[in-house]
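In: Provide a 3D model corresponding to the input given below.
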Amino acid sequence: MATLLYTHPVCAEHDAGVYHPERPERLKAITAALAGEDFKDLERRQAPLARIEEIARVHDAGYVEAVLNSVPKSGLAQLDPDTALSPSSGEAALRAAGAILAAVDAVAGGQADNAFCAVRPPGHHAERARAMGFCLFNNVAVGALHARQACGFKRVAVVDFDVHHGNGTQHAFEDDAGLFFASSHQYPCYPGTGSEDEQGVGNIVNAALPPGAGSREFRQAWSRRILPALGGFSPQMILISAGFDAHANDPLAQLMLETDDFAWVTREILSVAADCSGGCSAGRVVSTLEGGYDLDALGASAAAHVTALMGGAC
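Out: Alright, predicted model coming up:
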């Protein structure tokens, strides 16, 4: 298995303000966790800049331009109570989206079986014309639409194990039967979406977990609901919204996952990808960072996730 790692130094310069949980140290913790001998075989690539027209497959072009025009020359520009811009935020957001575009192209083109995009700001809460929940552009949805429109895949899936429901991704997909979205998340919790009766056109699967749920409930939700539905969709490419804030040590919610749960779910997703692609080395998977706010848990969980990507499904 060949695994690519996309990142860029400017993604650590996006700064939402003092004491904000979505802080530059998050990316630094992941970079440090992936610096050891176990990750020497990762092929590391710099994230390119996405073009506005590529992001506009998901977001209104006027919204994209408004966000970029709001980037301050100094200090902060607040887009909502949780989401702010600093002077490097525009380039960071374009590279976060550009990372997944490049990763999709590389995996679709056979340069690698999978990739992880260690980028920020995250994306899965961003709506078509609204920034929210620390997110500016919906990176994973941008990647999914690129996989369909530029790479020619007819069935593209996004699976999301962040502790918060990916409302922006669901809303981008819910009327399009060629796109599939599945999420496990704490419910009720921010952003208030993600109940199990939200099913789109049969292409949305939500596995809502109560506060305090742990490994057993998480693995059952994936084994019984999400993975069978994902396999039934038979995706040609799977994208992962990889949030690690369901970890027991994370401060922003109350799920109780352990580090190994992220390795387990990654292997299970790879197995579905392999089955849908005809063999162990044929699965196409691209993952991108979402949440995770305890730095030690984030670094360890991201390392477990990438280790599983490197090991493959077989």
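In: where does this structure have low pLDDT?
Out: 1, 278-282, 313-314 (pLDDT under 70).
In: apply 90 and report the result again.
Out: By pLDDT under 90, the weakly predicted segments of the chain are 1, 277-283, 312-314.
In: show me where it has its strands.
Out: Taking DSSP state E as the criterion, the chain contains strands spanning 3-7, 43-46, 77-80, 83-85, 114-117, 156-160, 179-186, 204-209, 237-242, 285-289.
In: give me the sheet partners of the last one and which way each runs.
Out: For strand 285-289, the pairing partners within the sheet under DSSP bridges are strand 114-117 (parallel), strand 237-242 (parallel).
In: now do the longest one
Out: Strands that pair with strand 179-186, judged by DSSP bridges, come out as strand 156-160 (parallel), strand 204-209 (parallel).
In: got those strands as TSV, with distance to residue 132 columns?
Out: C-beta coordinates here come from the backbone N, C-alpha and C atoms, glycine included. Below are the strands paired with strand 179-186 laid out as TSV (distance: least, CB to CB, whole Å):
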stretch	distance to residue 132
strand 156-160	16
strand 204-209	18
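In: most tightly surrounded among the ones you listed?
Out: Compared across the strands paired with strand 179-186, strand 156-160 shows the largest average neighbour count, a mean of 29 (mean count of other CB atoms under 10 Å).
In: quick one: contacts of that one?
Out: By CB atoms under 8 Å, 6 or more residues apart in numbering, the surrounding residues in contact with strand 156-160 are 124, 140-141, 144, 147-148, 166, 169, 173, 178-185, 226, 230, 233, 235-241, 243, 269, 290.
In: give me the buried subset of these.
Out: Among the contacts of strand 156-160, those classed as buried by 16 or more other CB atoms under 10 Å are 124, 140-141, 144, 147-148, 166, 169, 173, 179-185, 226, 230, 233, 235-241, 243, 269, 290.
In: phi, psi for residue 129 please.
Out: With angles defined as degrees, to the nearest 10, residue 129 shows backbone torsions of phi -140, psi 30.
In: ignoring the adjacent residues along the chain, who's closest to residue 46?
Out: Leaving aside its chain neighbours, residue 46 sits nearest to residue 8 (5.3 Å; criterion: CB to CB, 6 or more residues apart in numbering).
In: same question, residue 150
Out: Residue nearest to residue 150 in three dimensions, not counting chain neighbours: residue 105, with 7.5 Å by CB to CB, 6+ apart.
In: now do residue 171
Out: Counting by CB to CB, 6+ apart, residue 127 is the residue found nearest to residue 171 once chain neighbours are left out, at 6.1 Å.
In: so that neighbour bridges to which residues?
Out: Residue 127 forms beta bridges with residue 130, as assigned by DSSP bridges.
In: isn't it right next to residue 167, touching?
Out: Yes. Here residue 127 lies in contact with residue 167, judged by CB atoms under 8 Å, at a distance of 7.2 Å.
In: more neighbours, these two?
Out: Set residue 127 next to residue 167 and count neighbours by other CB atoms under 10 Å: residue 167 wins out with 24 against 20.
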